[in-house]
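J.: 3D model of this:
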Amino acid sequence: MAETLRRTGLYDLHVERGARMVPFAGWEMPVQYPMGVMNEHLHTRDKAGLFDVGHMGQVLITPKDGDMESAALALETLIPASVLGLAQGRQRYGIFTNDSGGILDDLMFANRGDHFLLVVNAGCAEQDIAHLQTLDAVEVTPVTDRGLVALQGPRAEDALAALVPAVREMKFMDSQIHDWSGAELWISRSGYTGEDGFEISVPDAVLRDFARSLLENPDVAPIGLGARDSLRLEAGMPLYGHDMTVGVTPAQAALGWSIPKPRRDGGARAGGFPGAETVLKELADGPAKTRRGLRPEGRAPIREGVQIFAEETGGEALGQVCSGSFGPSVGGPVAMAILDASMPDGAKLWAELRGKRVPVILSELPFVTPSYKR
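T.: Numbering: from 1, shown residues only. Next up is the predicted model:
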């Protein structure tokens, strides 16, 4: 039987706007609009793009005893981040690890005063919720009556502030609740493009009206999954299922920064999460391999699965591309692969593309400089 795809609350708006819809993580999602992937990408970097991310999982974590400290410590048994150290009204990035130190998923978590709000990946949402439900100290409540949109780009603040003026005061990784036409919006200043912007959780009842109101601004265009992927790749951001998997550790994924000193060896709350021994030893010693940037020479992209070699002929593969595309903002192809951590940036390697090896240069990540509002 064919898979029954779910639809977000903005499906009709995508169709109305001429989007090409594709299956993605069990959902029917827009991959591009008539503007085309490259123009959508460049529009987001120059002005503002509106992304439907309603396929992502939103989850509320509430302490059963009313004590947020106990809820934070419970979450820290699954997430190697400082949940306890997160102030109210702020958000952080985290990961779920398994017993071997691999990555089950990555997520955002926000302190909402008397509960936490988590946003997890669509393809992992069901397993993540089950994982969270193993915690005795908290109630786990999936959010089922809201959509989620991301507004990204240098004009995102102006576009959103025209509807919700208070967002001008928000800084990167703030998480706040604001009113729009009597509806409660859950807004974080964050995103997945390397640009300033916001992620906005909107009640289903006003979701389409809110999206239409944003799109009435000539600076705002709807953006599909194609440009979302090239934008995050240029920004050096990993994608679950590609650059990180259950077989990839945080250090190998270059995500060690998400595990702060309190959770590392010698810290106040060291370890205590799945795979801690493996994860912390690798962070202390340094990984043998880690996620690196690649700039292929020429114009042809090297995509996921392409093997990387040290020489133009012969030899064993050093690794393979986990994400690769053309980078419209950098004017050429960009890629990432998990490779030897000791190789210097600027080293020349070779990618085997359609039976022929082409030169690639090991490059520092990210490929574009992020422009967050600190």
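
J.: quick one: low-confidence ranges for the protein?
T.: Scanning the chain for pLDDT under 70 picks out the ranges 1-2.

J.: helix, strand, or coil at residue 279?
T.: Under DSSP: H, G, I helix; E, B strand; the rest coil, the three-state class of residue 279 is helix.

J.: next, count neighbours for it.
T.: Residues contacting residue 279 under the criterion other Cβ atoms under 10 Å number 26. The way it works is simple: take the backbone N, C-alpha and C, and place the C-beta from them, glycine included.

J.: also the one 4 residues further on?
T.: Here the number of neighbours of residue 283 (other Cβ under 10 Å) works out to 19.

J.: go on, residue 313?
T.: Residue neighbour count, defined by other Cβ under 10 Å, stands at 7 for residue 313.

J.: ditto for the one 4 residues further on
T.: Counted with other Cβ under 10 Å, the burial measure for residue 317 works out to 12 neighbours.

J.: also residue 257?
T.: Using other Cβ under 10 Å, residue 257 has 9 neighbouring residues.

J.: name the SS class of it, please.
T.: Assigned state for residue 257: helix (three-state reduction, three-state DSSP).

J.: again, but for the one 5 residues further on
T.: Of the three states, residue 262 takes helix under three-state DSSP.

J.: tell me which residues touch it, please.
T.: 82, 84, 85, 268, 269, 270 (Cβ atoms under 8 Å, 6 or more residues apart in numbering).

J.: inside strands: which ones of these?
T.: Counting by DSSP state E, none of the members of the contacts of residue 262 fall within strands.

J.: please produce CSV containing the residues you listed, extended by neighbour count.
T.: Written out in CSV, the entries for those read as follows (neighbours: other Cβ atoms under 10 Å):
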residue, neighbour count
82, 20
84, 18
85, 16
268, 10
269, 19
270, 15
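
J.: greatest separation within those residues: which pair is it?
T.: For these, with distances taken as Cβ to Cβ, the pair at the greatest spread is 85 and 270 (13.8 Å).

J.: picking up where we left off before, restricted to helices, list the contacts of residue 262.
T.: Secondary structure assignment by DSSP state H places none of the contacts of residue 262 in helices.

J.: closest one to residue 237 out of these, please.
T.: Ranked by distance to residue 237 (Cβ to Cβ), those are led by residue 82 at 20.8 Å.

J.: distance of that closest one relative to residue 173?
T.: The spacing between residue 82 and residue 173, counted by Cβ to Cβ, to the nearest Å, is 13 Å.

J.: overlap in contacts of the two?
T.: The contact sets of residue 82 and residue 173 overlap at residue 92 (Cβ under 8 Å, 6+ apart).

J.: thinking again about what came up before, and of the contacts of residue 262, the nearest to residue 101?
T.: Within these, the smallest distance to residue 101 is 14.8 Å, found for residue 270 (Cβ to Cβ).

J.: can you show me the strands along the stretch 251-374 of the chain?
T.: Assigned strands in the stretch 251-374 of the chain, in chain order: 289-296, 307-309, 319-327, 332-340, 348-353, 356-363 (criterion: DSSP state E, counting those that start in this stretch).
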